[in-house]
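Colleague: Sharing a model that was predicted from the sequence below.
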Amino acid sequence: MFKNYLITTLRKLNRQKNYTAINVLGLALGIACCLFIFLIIQYELRFDRFHSKRDRIYRLVTDEKINDSISETMGSPMPMAAALRQDFPNLEKVTVVFGNYGGLFAITQDEGTVQRFQENERVAFVEPEFFEIFDFPWLAGDPQSLAAPNNVALTEAFAKKFFGSADPLGRTIRMDNQIDLKVIGVIKNFPIHTDFPFSVLISWKTLPQTGWDVEAWGNLTSNVNTYVVLPPNDSAQELESRLVGFKEKYHPDAKDANKRVHKVQPLRAVHYDGRYGTYAGRTISKATLWALGLIGVFLLITACINFVNMATAQAISRAKEVGVRKVLGAFRSQLITQYLGETFVITLLGAALAVVLAELVLPILNNVLQLHLSFNLFSDLSVLAFWAALVATVSLLAGLYPAFVLSHFMPALALKSKVNTSTSGGLLLRRGLVVFQFFISQMLIIGTLIVTNQMDYFRNKAMGFDQSAIVTVPLPVNEATKLQTLRTQLLQNSRIKNVTMGYSSAASGNTWDTNLRHTLNGPEETFASDLKFADTEYLPTYGLKLVAGRNYVASDTVSELVVNETFARKLGYTPQDLIGKMFKLGRRPYLPIVGVVQDFHTRPLQQEIRPCLLAAHRRAYYEASIKIEASSLKEALRHIENVWSATFPEFVYSSEFLDQRLANFYQEEQKMAQLFRAFAGIAIFIGCMGLLGLISFVAAQRTKEIGVRKVLGATVVDILGLISKEFAGLIAIAFAVAAPVAYLAMNNWLENFAYRIDVGLGVFAATIAVTFIIASVTIGYRALKAALANPVDALRYE
């Protein structure tokens, strides 16, 4: 029997090539999308799940009240770990990490040559306890060696990068041209599923040699993270409540202490909590993963609906086959089994094509999303199980309804071609399925348009400063005496229009928060602000406009202050009235505000403009911003590199255009836009195939009606209108449901941005217009074919 079913199925599929191709392609696209989404979700859910103590590891994060808002950071004071060991002896393990240190590493090779490597993200200072908490295996050496200063361990990849095939143990690495490090260990490469992207791990006791004060409780930077391991029966809530008294005990300033709250964050939540961030620089919320999963389910259902509509559209053509089989003694259960078997074969073909699509498209997806997804159907049991589950699920979802419809035909009516609409399974249900398909398609179209418009808004919104043709280059630490020489030589080329030195560019992901003190209201108060140290050319280079006062004077140390309009507004002053007011920065004496500039964005547009302070301080200049002639980019860049390399021969040159840095602020949103576009396109394509199935069914059912109408004088336009208006109504119903749902969902997404677009009627008008155009093209061919058919052929059996 099985052999007979298989032969019959293969003959049918071969005979109806168009029907087979449309169904296989639709199911392949739906299954491929589900596979991609499964791989993404699986990839994200694996982060730091391999640590044996993962359920008891916690990170201490900080919420800090800044003026009238709360700033959330993953950082904690540097001395906190040592104090926790002393005050909380019940904690199983405690460690502190300084991650994402930017350093220059020089290695003298055996032949005497010196190779230099600038590493800005993969360097960390750690204690031996780091490896007692986290499971990163050592291939050579002992983690306890990191208890001594000037020791370093490398991952396999970096040991090979620095020393090639030579044995790295015992070799010396010179960091920042001043600190010698001894290689005491080699660590297995960290997995890709970790938020610790480190490859160079230096002993914590080496950090003071870089200039950081590891005993300062007042300093707070996201580079410093504190981790603890709780005993099996201890609760995180109890630890968090005890941290209140702990903070008050150690913080040197009671006023500042009251503004800070240390919280306990489980390791399992770190990768999914965007409030605090990670060393890897990216998080993804569980809500986003759920949304991706829901899109995958919707796309799969869309593909199944497409199959159902195509199968039921073919039902009438198979009515006689059903009648013959029933007359010859076939039971309904046998017919259901046969048609489910046909569905299984088509689904299997679609799933096989989905695997091919996954192999072809996955490298593109990895490049777009900047992930490291891998697809190994037969070596990864979880992927194989998911693929098999998809085949079984789709076979049942797509096959059950057509199988019951076909097996329900009465033999006498089927053999006389008397099967009518109600007998063939219910037109209302199929219309509902098409409405659901277009509901999904229109949801994704609206989402795509809104995300795309928001990205365009980010690209086109004025940042409040000149960002065109500005190149940023790093400045080596402790080389402040050479900065004037660098500036002078750069400006000797007429293609260089201006040069400024500062802590960072006008807008940067690298920000410096500070607390100022003032007595404007009587008693001394603190006021939080972004801090940008820069020379006097900062304002003209970036085109920052003064609205009151003047620029600060050239100085090696802080002597005068310039602030932005938000700074004045938060204090309740006009820019003119704020001139001359005195503020205290750190341990310095009170300093005057001499100028107020127009507001400009110092951070990505997801965040509001904050109070900002600018001042001169030469030892804090870590980056040069160089305004160049836009028409001579290559020559200008070559000149900058030559001058920089000649000025700092012992360092590694690198550069970045400012507009590219600004574009990188919105990488995650850009990825979402690309995913939306891809999924919307696939949903529309599958939906159109489903619509083609339904129009084919309707045309077949109404063949004789159309013939009668033509005999009675109906024109081709009348017939086209008769068929098309029904589908226009289905699209309108889908839009009426999709529009408010999409608006609520996308408006909730837009609330993540301080600066965002308004969702106007244009988005919805474009959506309904695009849907109608695509549907009209899909419907038009089949409707026109029915309208042009000879009425004699339709009526000759009457």
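Modeller: Thanks, I have it.

Colleague: CA only for contacts and neighbour counts going forward, please
Modeller: Fine.

Colleague: does Leu516 really touch Ser529, like I thought?
Modeller: Yes: counting by C-alpha atoms under 8 Å, Ser529 is a contact partner of Leu516 at 7.4 Å.

Colleague: which other residues reach stretch 577-596?
Modeller: For stretch 577-596, contacts defined as C-alpha atoms under 8 Å, 6 or more residues apart in numbering pick out 515-520, 546-552, 559-565, 568, 575.

Colleague: same deal with stretch 432-439?
Modeller: Counting by C-alpha under 8 Å, 6+ apart, 302, 305, 683-684, 687, 690-691, 694, 730-731, 733-735, 737-738 sit against stretch 432-439.

Colleague: Ok, stretch 610-623 next?
Modeller: 472-478, 480, 501-505, 528-536, 552, 554-568, 570, 602.

Colleague: confidence score at the residue most central in space within the chain?
Modeller: Centroid-nearest residue in the chain, with C-alpha atoms, centre = their mean: Glu668, separated by 3.3 Å. Glu668 carries a pLDDT score of 81 in this model.

Colleague: The helix or strand where it lies packs against which elements?
Modeller: Using DSSP states H and E, Glu668 sits within helix 667-701. Packing partners of helix 667-701 (3 or more C-alpha pairs under 8 Å, 6 or more residues apart in numbering; DSSP states H and E): helix 17-45, helix 286-313, helix 427-460, helix 761-788.

Colleague: Let's have the ones you listed in CSV, adding distance to Val383, mean pLDDT and mean neighbour count.
Modeller: Listed next are the helices and strands packed on helix 667-701 as CSV, based on distance: least, C-alpha to C-alpha, whole Å; pLDDT from 0 to 100; neighbours: other C-alpha atoms under 10 Å:
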stretch, distance to Val383, mean pLDDT, mean neighbour count
helix 17-45, 8, 89, 21
helix 286-313, 15, 85, 22
helix 427-460, 26, 86, 21
helix 761-788, 35, 81, 17
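
Colleague: how about those helices in CSV, adding distance to Leu675?
Modeller: Shown next, in CSV, are the helices and strands packed on helix 667-701 (distance: least, C-alpha to C-alpha, whole Å):
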stretch, distance to Leu675
helix 17-45, 10
helix 286-313, 10
helix 427-460, 9
helix 761-788, 18
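
Colleague: before we move on, back to that, quick one: which of the contacts of stretch 610-623 sit in helices?
Modeller: By the criterion of DSSP state H, membership of the contacts of stretch 610-623 in helices covers 565-568, 570.

Colleague: so which of those residues is the most crowded?
Modeller: Using other C-alpha atoms under 10 Å as the neighbour test, those are led by Phe567, with 26 neighbours.

Colleague: wait, what's in contact with that one?
Modeller: 529, 610-613.

Colleague: ok, 10 Å please
Modeller: 527-530, 573-575, 578, 596-597, 599, 609-613 (C-alpha atoms under 10 Å, 6 or more residues apart in numbering).

Colleague: before we move on, back to that, among the contacts of stretch 432-439, which one has the lowest pLDDT?
Modeller: Leu694 (67).

Colleague: Might you list the low-confidence residue ranges for the stretch 51-200 of the chain?
Modeller: 66-69 (pLDDT under 70).

Colleague: May I see the buried residues of stretch 562-581?
Modeller: Using 16 or more other C-alpha atoms under 10 Å as the burial criterion, the residues of stretch 562-581 that qualify are 562-568, 574-575, 578-579.

Colleague: what about that stretch, distance to the chain center?
Modeller: 37 Å (C-alpha atoms, centre = their mean, to the nearest Å).

Colleague: can you check stretch 454-464 too?
Modeller: With C-alpha atoms, centre = their mean, you get 19 Å for stretch 454-464.

Colleague: which element is Ser468 on?
Modeller: Here Ser468 is assigned to no helix or strand, by DSSP H and E.

Colleague: Give me the neighbour count for it.
Modeller: Ser468, neighbours per other C-alpha under 10 Å, totals 14.

Colleague: what sits against it?
Modeller: 542, 627-630, 657-659.

Colleague: Give me the ChimeraX select line for those residues, limited to the buried ones.
Modeller: Here is the ChimeraX selection string for the buried members of the contacts of Ser468, based on 16+ other C-alpha under 10 Å:
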select :542,627,628,629,657,658
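
Colleague: Which of the contacts of Ser468 fall in helices?
Modeller: 542, 658-659.

Colleague: Of the contacts of stretch 610-623, keep whichever come out buried.
Modeller: Here, 16+ other C-alpha under 10 Å leaves 472-477, 480, 501-505, 528-536, 552, 554, 558-568, 602 buried among the contacts of stretch 610-623.

Colleague: So which of these belong to strands?
Modeller: 472-474, 501-502, 528-533, 561-564 (DSSP state E).

Colleague: which residue ranges form the strands in the stretch 251-400 of the chain?
Modeller: 260-266 (DSSP state E, counting those that start in this stretch).

Colleague: Helices of that one, start to end?
Modeller: Applying DSSP state H, counting those that start in this stretch to the stretch 251-400 of the chain gives helices spanning 254-258, 267-270, 286-313, 319-327, 332-369, 381-407.

Colleague: Pick out the shakiest of those helices, pLDDT-wise.
Modeller: Taking the mean pLDDT of these, helix 254-258 comes last: a mean of 54.
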